[in-house]
Each structure stands twice: as C-alpha cells, then as structure tokens.
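Asker: Here is a sequence with its predicted model. Questions after.
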Amino acid sequence: MKTSIQVLPNVTENIYTSVERYRMLDQQIKALEKEQNVIKEMLKEGYFKDQDEFIYQGRLLMTCTTQISERIDLKSLKLKQPDIYNLFQVESVSRVLRLK
C-alpha cells in the first residue's frame, strides 16, 4: 500500500527546488566518485605498481607512497577492557541530512 505524501506548510517552492538541486548534485557526485575510484585503482595497479612518482615532461604529477597507520581496535577494547573503554568514551551528537 502506498503512503500519501503530505505537503507541509513550512516547505516552500524555494526549499523544494533546493532539495531537488541537492539530490541532483548528490547523484552527480556519486557518479564522479565512482569514476574517480576506477581511475585511481588503474593508476595504482598500472602506473604506480613499481614506482612512487609519476612524472610527465619533467613535471611531477602524482606520487603514490605506502602509509602505515596504527589505530585502536575499539571493538576488542570494549570487549576485553570495558572499564578502560568507558573511561575514554565520548558522546557525539550530530544531525544527519538524508534524501528520501
């Protein structure tokens, strides 16, 4: 069963237009990010497989270096040392905008 959409009095034509523009930009960004990721993987696997720099006509265009980072495994810490986890746990509150 379909639910009916109710027009709320606080939503103006201007707000509706902004939401639709936001929706369109969101779709375009997702498509561009997907294309960017394909190109990034192609560059990393093809051109940067054996080198760290990509130079074209004497100009350094890109670098690709290995980075190592260390992070705390919060799930394991919470499971194995809940008292320590609770000492450092902080609450974060934010509002999330979701397209429907």
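Answerer: Happy to help now that I have it.

Asker: Outside of the host helix or strand of Asn86 itself, list whatever touches it.
Answerer: For Asn86, the enclosing helix or strand under DSSP states H and E is helix 82-88. Helix 82-88 is touched from outside by 74, 77-78, with contacts defined as Cβ atoms under 8 Å, 6 or more residues apart in numbering. Backbone N, C-alpha and C define where each C-beta goes, glycine included.

Asker: I'd like the average pLDDT over that helix.
Answerer: Per-residue confidence for helix 82-88 averages out to 95 on the pLDDT scale.

Asker: Next: stretch 32-46.
Answerer: Confidence over stretch 32-46 (mean pLDDT, whole number) is 92.

Asker: coming back round to it: just the buried residues of the helix holding Asn86, please?
Answerer: Of the residues in helix 82-88, those with enough neighbours to count as buried (16 or more other Cβ atoms under 10 Å) are Tyr85.

Asker: What confidence value was assigned to the closest residue to Arg23 other than its chain neighbours?
Answerer: Of all residues not flanking Arg23 in the chain, Leu99 sits nearest, at 5.5 Å (Cβ to Cβ, 6 or more residues apart in numbering). We note a pLDDT of 85 for Leu99 in this prediction.

Asker: quick one: the helix or strand that Ile15 is a member of to chain centroid distance?
Answerer: Here Ile15 is covered by helix 13-42, with elements defined by DSSP H and E. Going by Cα atoms, centre = their mean, to the nearest Å, the spacing between the C-alpha centre of helix 13-42 and its chain's C-alpha centre is 12 Å.
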